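Peer 1: Sequence below, structure please.
(2 chains)
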Amino acid sequence: MNTKELEHILDQSFRSKPDFHLPDDFARQVTRTVVRREQWKTDLFEYLYLSCVLVFLLTVASGFYYFIDKQLVLNVLTYLSGNVIQVALILFILNFILFADRVLLRLLFRSLPHPLQRSGERVGIL
Amino acid sequence: MNDAELINQILNGNSNAFTYLVTRYQKLVVHITGRLIQRQDELEDVCQDVFLKVYQNLGKYRNECRLSTWIATIAYNTSINYLRKFKKGVEVNADDSVALRNLTDFKSDDPEKADLHRYIREQIELLPVHYRTILTLYHLEEFSYQEIEQITGMPEGTVKSYLFRAKALLKEKLRFVVDENSLKSVKEINNEY
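Peer 2: Numbers count the residues shown, from 1 in each chain, chains lettered A, B, ... in the order given. Next up is the predicted model:
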């Protein structure tokens, strides 16, 4: 065999693809992982946004009532300041429900495998 | 869809565009990563890691090089870090003497071309990591010397030298099938190193 032939075979071998493979639905799998990992940021932003909107609405409503019936608002404030622990507890529970609904539960369900994956079928064909 | 449009779509939250990007570049990533880590069972995790990094850093991509070069850089760095972290026994900077010890001789007087082809492919997998990488980037993925310099961080001269030496090492092992004149030139090449 001469050099030219050898060079040709070497070049051909260098250009041949190595025997490594990825699953057919690799791209979908990666996208699912990325969406799962990145979605919590959107969910958290949505939760913070909703919380701000609720606080804003509450403030506007309080201001509105303050002009209509000042005494009522003052009575409510007196009641709230007299029951700080209970009020704080209720606010914490309501806030937690909102947080769980908007962030925690979504995160939990996304981290679970797809029902079809669990039963051994491939999701990519859907 | 060109790369700039694809990146815009992904940055705007289009997950299908990201699936398309993965499909378009997964061969490039699997060739680089596969040649470096050489483990089919770990390949999927490393490739997934590469694409996660691509997604997380896509906003920092500044069109200074081709998207394929940028993705290849991430694939190369991720694979090298993986080798350094988990494969303690692998010599990332092995020299030619180690490489020559690893390679096996081709001892057939009348080789079939297919045998020779298969033999060379097996020997490529036994070459040191940097040689395998450079061979893959230059011959298989057809990156230029400048692009390989960007991807691996090696100077252009080193890239050329590695390509030359990888070829010389393989030719040395093929001395039984090469005629005398070719053998002489191979010996001259090897004496230079």
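Peer 1: residues making contact with the helix or strand harbouring B:Lys53?
Peer 2: Taking DSSP states H and E as the criterion, B:Lys53 maps to helix B:40-57. For helix B:40-57, contacts defined as C-beta atoms under 8 Å, 6 or more residues apart in numbering or on different chains pick out A:20-23, A:26, A:29-30, A:33-34, A:37-38, B:10, B:18, B:21-22, B:26, B:29-30, B:33-34, B:37, B:71, B:74-75, B:78-79, B:82. All C-beta atoms are positioned from the backbone trio N, CA, C, and that covers glycine.
Peer 1: Give the buried residues for the following helix or strand past that helix.
Peer 2: Sequence order places helix B:67-86 as the next helix or strand after helix B:40-57, per DSSP H and E. For helix B:67-86, the neighbour count (16 or more other C-beta atoms under 10 Å in any protein chain shown) marks B:67-76, B:78-80, B:82-83 as buried.
Peer 1: Do you have the helices of chain B handy? List them.
Peer 2: Secondary structure of chain B (DSSP state H): helices located at B:3-11, B:15-37, B:40-57, B:67-86, B:96-102, B:113-126, B:129-135, B:145-152, B:156-173, B:180-192.
Peer 1: that older thread, are any of the contacts of helix B:40-57 buried, and which?
Peer 2: A:20, A:22, A:26, A:29-30, A:34, B:10, B:18, B:21-22, B:26, B:29-30, B:33-34, B:37, B:71, B:74-75, B:78-79, B:82.
Peer 1: helix/strand/coil for the residue of chain A found nearest chain B?
Peer 2: Minimum separation of chain A from chain B (C-beta to the nearest C-beta) falls at A:Phe20, amounting to 3.1 Å. Classification of A:Phe20 using DSSP: H, G, I helix; E, B strand; the rest coil returns coil.
Peer 1: Contacts only, for it.
Peer 2: Counting by C-beta under 8 Å, 6+ apart, A:Phe20 has contacts B:30-31, B:33-35, B:40, B:43.
Peer 1: State the pair within the residues you listed that is farthest apart.
Peer 2: B:His31 and B:Gln40 (13.3 Å; C-beta to C-beta).
Peer 1: So for chain B, which residue is the most central one in space?
Peer 2: Nearest residue to the geometric centre of chain B (C-alpha atoms, centre = their mean): B:Thr133, 2.4 Å.
Peer 1: same question, chain A
Peer 2: Centroid-nearest residue in chain A, with C-alpha atoms, centre = their mean: A:Trp40, separated by 2.2 Å.
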